[in-house]
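Q: Sequence and predicted structure below; questions after.
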Amino acid sequence: MNILESIKMATTTLLANKVRSSLTMLGIIIGNASVIAMIGIGEGAQKFVNNQITSLGPNVLFIVPGIAGAQRQPVLRPQTLVLADAEAIASQVPTVKEVAPILNANELVSYRNKNASSSLTGTTPEFLTVRNFDVAKGRFLTDLDLQKQENIVALGSELAAQLFGNEDPIGKRVRIKNTSLQVIGVMASKGTNLGNNEDMSAFIPITTMANRIVGRSSPYGTQVSLISVSVKDEDRMKAAQFQIENLLRLRHKIIYEDDFTVRSQKDLLQTLGGITAALTLLLAATAAVSLVVGGIGIMNIMLVSVTERTREIGLRKAIGASQKDILFQFIIESVILSIVGGLIGTGIGVSGVLILGVLTPLETGIPVTAIAIAFGVSGAIGLFFGVVPAKQAAQLDPIVALRSI
């Protein structure tokens, strides 16, 4: 019996029991679809994270108070970064282009009878270029505003819409913690960045923020939540990080352990990229379990098929079919079930990934490698789990098989 005849016979046999064949393939279908979907979602999540970090600004370093492992320590050190540190970095580090100190807080912003919870950002004019923000209407903060500690604010686009609706907010006054602030601008939409909705932010001169809104100060000056630094050239990122660390160690008179942490976009990408890659692998491995379950289902049904087709096997052996022919026949049936189930599962998985890309912000793509692996594994599973029932069928004695009728 040649291969084409074996394939034709196997196809005819499987089509004769359509419902059973479909249920047998179900595990393989679910397994392939799940593996492809999970890897596609994982790749989309990695692209999303990369875009989020890139949107923080070009060639940016982030300086935060406290040491890298502070969250694991029972007692946290006081926040020691101050506005004077940012000014020193701007004037004394040659590889730095611009510096934007930031003081954060969460407060209610009120206009007449409307209130909205907002993330307040006390900062300087350099924030626009360092963090890659744009103004849609009005203006942003100036150095003169900081010197005079003006009571002014620039609103995020969504915050402005919630408070003012269709009304023009420029020149109107909002209230934050009993302080009246004049709206001087509305920011262009920025979207959500690493879980923070930038469009719900309010931008205030850092001097006004420190002295009239949050009152955060220390013996060393005005405390800041973090310092964003843009570097002149991407090739100078490591040099800038080294220079900033040395300068702050001198300013803070540090001998042993730093009381600050300098992180680059590359550091954030590596950290978050490692997390998303691990989650993708975990999800894909979990989904792959259903492929094994599908293979066991194929073996179970093929064993039942051997019992049901005892007479057929006996007759074929009686007219000259060899053990090899019978073995080959049942293995082909198992492989066909796996391959067809793999094709259907691949189609469902790819469709799910594409639909998810349309309905969510994830930039999903077709994971070609995952498709090849899942399809190859499903075929191998059919071959592996088809061997046991095929050997059982091939070893049937034709006389015993005919007597069993």
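A: The structure has been received and is ready for your questions.
Q: residues touching V96, list them.
A: Residues near V96 by Cβ atoms under 8 Å, 6 or more residues apart in numbering: 89-90, 229-232, 240, 243-244. Any C-beta I mention is one placed from the backbone N, CA and C, and that applies to glycine too.
Q: Take those and lay them out in a markdown table including distance to S157.
A: Listed next are those as a markdown table, based on distance: Cβ to Cβ, whole Å:
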| residue | distance to S157 |
| --- | --- |
| I89 | 30 |
| A90 | 29 |
| V229 | 26 |
| S230 | 23 |
| V231 | 29 |
| K232 | 30 |
| A240 | 32 |
| Q243 | 36 |
| I244 | 32 |
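Q: Out of those residues, who's the most crowded?
A: In terms of neighbours by other Cβ atoms under 10 Å, the contacts of V96 top out with V229 at 28 neighbours.
Q: Tell me if I'm right that that residue and A240 touch.
A: Yes. Shown here, V229 and A240 form a contact pair, counting by Cβ atoms under 8 Å, at 7.0 Å.
Q: For stretch 167-185, list every residue counted as buried.
A: Residues of stretch 167-185 classed as buried: 169-170, 172, 174, 176, 181, 183-185 (neighbour count, 16 or more other Cβ atoms under 10 Å).
Q: Can you say which two of those residues are spatially most distant?
A: Taking Cβ to Cβ, the two most distant members of those are I170 and I176; they sit 17.4 Å apart.
Q: can you list contacts of whatever helix or strand L4 lives in?
A: Using DSSP states H and E, L4 maps to helix 3-16. Residues from elsewhere that reach helix 3-16 (Cβ under 8 Å, 6+ apart): 21, 325, 328-329, 332-333, 336-337.
Q: follow-up on the earlier one: rebuild the contacts of V96 as CSV, extending it with pLDDT and distance to V377.
A: Compiled in CSV, these are given as follows (pLDDT from 0 to 100; distance: Cβ to Cβ, whole Å):
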residue, pLDDT, distance to V377
I89, 93, 53
A90, 92, 56
V229, 91, 48
S230, 90, 47
V231, 89, 46
K232, 86, 50
A240, 90, 47
Q243, 92, 51
I244, 92, 49
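Q: so which of those would you say is closest to L291?
A: Using Cβ to Cβ, the contacts of V96 come closest to L291 at V231, 47.4 Å.
Q: so who does the closest one touch?
A: 59-61, 95-97, 237, 240.
Q: So which of these sit within helices?
A: If you go by DSSP state H, these have 237, 240 in helices.
Q: which one of the contacts of V231 sits closest to I344?
A: Nearest to I344, judged by Cβ to Cβ, of the contacts of V231 is V60 at 46.7 Å.
Q: surely that closest one meets L226?
A: No. Contact between V60 and L226 fails when scored by Cβ under 8 Å: they sit 11.0 Å apart.
Q: Mutual contacts of those two, please.
A: Common contacts of V60 and L226 (Cβ under 8 Å, 6+ apart): none found.
Q: quick one, which of the two is more surrounded?
A: Taking neighbours as other Cβ under 10 Å, V60 and L226 compare with V60 leading, 23 against 19.
Q: what's the distance between that one and L343?
A: Per Cβ to Cβ, to the nearest Å, V60 is found 46 Å from L343.
Q: what does I298 give?
A: The gap separating I298 from L343 is 15 Å, by Cβ to Cβ.
Q: of these two, who's got more company?
A: Neighbours per residue (other Cβ under 10 Å) separate I298 from L343, with I298 holding more: 25 against 16.
Q: which residues touch K177?
A: Going by Cβ under 8 Å, 6+ apart, K177 touches 107, 213.
Q: Sorry, slip of the keys, the one I care about is N197.
A: Each residue near N197 by Cβ under 8 Å, 6+ apart is listed here: 119, 156, 158, 191.
Q: Repeat that for A116.
A: So A116 contacts 108-109, 159, 162-163, 200 (Cβ under 8 Å, 6+ apart).
Q: wait, is it part of a helix?
A: No. Secondary structure of A116 (DSSP: H, G, I helix; E, B strand; the rest coil): strand, not part of a helix.
Q: Now that V214 has come up, it's in contact with A105, right?
A: Yes. With contact defined as Cβ under 8 Å, V214 counts as touching A105 (4.9 Å).
Q: Find residues that contact each of the two.
A: Common neighbours of V214 and A105 (Cβ under 8 Å, 6+ apart) are 120, 122.
Q: Spatially, which residue comes closest to G294, not counting chain neighbours?
A: The spatially closest residue to G294, leaving aside those adjacent along the chain, is G27, at 2.5 Å (Cβ to Cβ, 6 or more residues apart in numbering).
Q: Longest helix in this protein, please.
A: helix 265-308.
Q: Show me what that one packs onto, helices and strands only.
A: Helices and strands touching helix 265-308, by 3 or more Cβ pairs under 8 Å, 6 or more residues apart in numbering; DSSP states H and E, are helix 18-54, helix 323-359, helix 368-394.
Q: Now render these as CSV, adding distance to P65.
A: Output for the helices and strands packed on helix 265-308, formatted as CSV (distance: least, Cβ to Cβ, whole Å):
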stretch, distance to P65
helix 18-54, 21
helix 323-359, 39
helix 368-394, 42
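Q: returning to that earlier point: what about the contacts of A116, which are in strands?
A: Taking DSSP state E as the definition of strands, the contacts of A116 contribute 108-109.
Q: can you pick the most crowded of the contacts of A116?
A: Using other Cβ under 10 Å as the neighbour criterion, L159 leads those with 27 neighbours.
Q: Quick check, it in contact with E198.
A: No. Taking contacts as Cβ under 8 Å, L159 lies outside contact range of E198: 10.0 Å.
Q: follow-up on the earlier one: where do the contact lists of V229 and A240 overlap?
A: The contact lists of V229 and A240 share 61, 93, 96, where a contact means Cβ under 8 Å, 6+ apart.
Q: Tell me how far the closest residue in space to the first one that isn't next to it in sequence lies from L128.
A: Put plainly, it is L61. Nearest residue to L61, sequence neighbours excluded (Cβ to Cβ, 6+ apart): V229, at 4.4 Å. According to Cβ to Cβ, V229 stands 14 Å off from L128.
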